[in-house]
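> 3D, please:
(chains A and B)
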Amino acid sequence: MITTTPETSSKLRVLTRLGFWGGVIGGLLLPWAIMLAVEVVVHQVPIARAWRSFTLHLFAPGYNFFLIGLLTAVPFLVLALFVLLHLGAAPAQDPLIPRRRTLGLAGAGLGMLTLAGWTHLEVLLHPDAQGALAYLYLPVILLASMPIGYGLGRLIATILLPRTSS
Amino acid sequence: MHLTIFALRMTRIDPSPTVLASREIKLHLLGLVLFLGLLGFWYWLSTGARAVPTLIEMLQDDDPSTRIVAAEQLGQVGPAAQAAIPPLLAQATGDGNQHANTTAAAALKSIDLTAARQVMTHFIPRLQDQDAQQRRTACAVLGSLGPVAKPAVPALIAAGHDPDELVRRNALMALATIGIPSPPIVAALLEGLRDSSSLVRQTAVTQFAFTVPLTQPVIMALTPLLNDPNRSIAGLVRSALDKAKPGDTAQLESLGMMVQHSAARDYALHQLAQLGPHAGDALAPVLPLLQDDRPLVRYLTAEAIGAMGVSTKQALQPLQQQRQDPDPVVREAVAEAIAGVEAAMAQAESSDKAARP
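Okay, here's the model as predicted:
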């Protein structure tokens, strides 16, 4: 059995902390960043004006960007807790277990990020009357996609990181 | 000694059998709770009455979209945004942007009915302005006041005959949004169905399809328009005729339930007020709303009871208790409703006497 070196252990700790806080803060900021990017890049609005308009609509009735951010953040918050409790509680002595878990969680995170990013872009680029419903369904879809992404990540990990008998 | 120091250092490097020590996991969870608490505090600070001073500042902004959003948010705050009445009045009556006028007027309706009536008084004479754009704006602002602009209905009906088709269109839209008293408004909209402009005709049908409840004369007037050569008008007529018919008990039941939910209360009361005597069965869930905190709800409740034309003491007693309502506009609506109920009671009594041998 290969034992974890102090350096590997330290890297895993940093990765867990980054994964946790990245999930919490990234999930909240993702829709806001996409909104601003669409305004600046697609609608050619100067960044200062886009920022002002964004802050103005954060709590405005009918827009409520704050609520949109929160709704998207919920599944990422669940992912962050998963990172903390699953990766953070992985045994440090056997590096294979945390590494495989890392790949599983990365699969879940990447899948969720892609799905959330695509949905927000679609809603903003092709607006219609029912578009806002996507914001309500998105958390459910993201939560459902989490175990699928995790499973895929673990599958890749099993192929890439086979257990070698010493 | 050296061995002890070495052992201590080793312990410090990797003291936990897991990637993160349980103490650190707990600290992260605590950090998360604090983060969520901060987000909640930010939301609390930015909404409700706490946001009013910032929103008032935003009403002075050079950018019309900022003034519009600020007015919308102040309307959401409701009567707690009393401090915003003077700048909102200024925006409703003096801003060069029509959307800024209408959003400020709509906000005032939720904050203070007397201020909303001041806006109405400002715009009624402008329905006869030389400039067509001024008349269009006047119609739009009066419409944004909703049922509070009830005294403007005769002036708006007259504006329905304006030579400018956009004024006529805006006047019909405003009448439908005001909605009460229902009979003259429905008559004006029916007249709009025969307007020379297809835009005005389409606007009139749209109001029956989405805003104004149907009555038997409306159904009779709309049915021939199912074959209108204008396909969009024919489609709207189909939508209107698919709506609930007068006296539909399911509709009354759902409106009766909606008045109990704050988010749908204004709409349901407004619909009941427009249904008039057909809505008499919904009296029981409506009566307690005479005690509501929001003047707009009390006003709509009094209007709905008055329109129902009920002849029972059950309605009279709660109305009489509201004679001293702090809001003069509500008091006026309550007095009208009492007069209506008393007249209906007197009529019922005289019919009873006449029926006795």
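
> Show me which residues of chain A sit near chain B.
Applying Cβ under 8 Å from any Cβ of the partner chain, we find that chain A lies next to chain B at A:4, A:6, A:9, A:12-13, A:16-17, A:20, A:24, A:28, A:52-53, A:56-63, A:66, A:70, A:77, A:80-81, A:84-85, A:87-93, A:98. Placement of C-beta: from N, CA and C, glycine included.

> now those residues: which count as buried?
Buried by 16 or more other Cβ atoms under 10 Å in any protein chain shown: A:4, A:9, A:12-13, A:16-17, A:20, A:24, A:28, A:52-53, A:56-60, A:63, A:66, A:70, A:77, A:80-81, A:84, A:87-90, A:92, A:98, out of the residues of chain A next to chain B.

> can you tell me which of those residues are in helices?
A:9, A:12-13, A:16-17, A:20, A:24, A:28, A:52-53, A:56-57, A:66, A:70, A:77, A:80-81, A:98 (DSSP state H).

> Now for A:I141, how many residues are close by?
For A:I141, the count of nearby residues is 15 (other Cβ atoms under 10 Å in any protein chain shown).

> Name the nearest residue to it, ignoring sequence neighbours.
Here the nearest residue to A:I141 in space, its sequence neighbours aside, is A:L115; by Cβ to Cβ, 6 or more residues apart in numbering or on different chains that works out to 6.5 Å.

> how far away is that neighbour from B:L20?
The spacing between A:L115 and B:L20, counted by Cβ to Cβ, to the nearest Å, is 28 Å.

> quick one, which of these two is more surrounded?
Between A:L115 and B:L20, counted using other Cβ under 10 Å, the more crowded position is B:L20 (23 against 18).

> check contacts around the closest residue to the more buried one other than its chain neighbours.
Distances taken as Cβ to Cβ, 6+ apart put A:G88 closest to B:L20, at 3.7 Å, once the chain neighbours are dropped. The contact partners of A:G88, taken as Cβ atoms under 8 Å, 6 or more residues apart in numbering or on different chains, are A:16, A:20, B:18-20, B:24-25, B:28.

> could you redo the last one with a cut-off of 7 Å?
When contacts are counted by Cβ atoms under 7 Å, 6 or more residues apart in numbering or on different chains, A:G88 touches A:16, B:18-20, B:25.

> and if you look at B:L142?
By Cβ under 7 Å, 6+ apart, B:L142 lies in contact with B:120, B:123, B:149, B:152, B:156, B:174.

> want to try CSV for those, with distance to chain A and pLDDT as columns?
Conversion of the contacts of B:L142 to CSV gives the following (distance: Cβ to the nearest Cβ, whole Å; pLDDT from 0 to 100):
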residue, distance to chain A, pLDDT
B:M120, 23, 98
B:F123, 24, 97
B:A149, 21, 97
B:A152, 26, 97
B:L156, 26, 97
B:A174, 21, 98
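
> Which of those lies at the shortest distance from B:M58?
The shortest separation between B:M58 and any of these is 23.8 Å, and it belongs to B:F123 (by Cβ to Cβ).

> From chain A, how far off is the residue lying closest to the closest one once chain neighbours are set aside?
Nearest in space to B:F123, with sequence neighbours left out and distances taken as Cβ to Cβ, 6+ apart, is B:A138 at 4.4 Å. Going from B:A138 to chain A by Cβ to the nearest Cβ, to the nearest Å gives 25 Å.

> part of a helix, is B:A138?
Yes - residue state for B:A138 (DSSP: H, G, I helix; E, B strand; the rest coil) corresponds to a helix.

> Next, the contact list for it, please.
Taking Cβ under 7 Å, 6+ apart, we find B:A138 in contact with B:123, B:126-127.

> With distance to B:A273 and secondary structure as extra columns, can I get those residues in JSON lines?
Below are the contacts of B:A138 laid out as JSON lines (distance: Cβ to Cβ, whole Å; DSSP: H, G, I helix; E, B strand; the rest coil):
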{"residue": "B:F123", "distance to B:A273": "22", "secondary structure": "helix"}
{"residue": "B:R126", "distance to B:A273": "26", "secondary structure": "helix"}
{"residue": "B:L127", "distance to B:A273": "23", "secondary structure": "helix"}
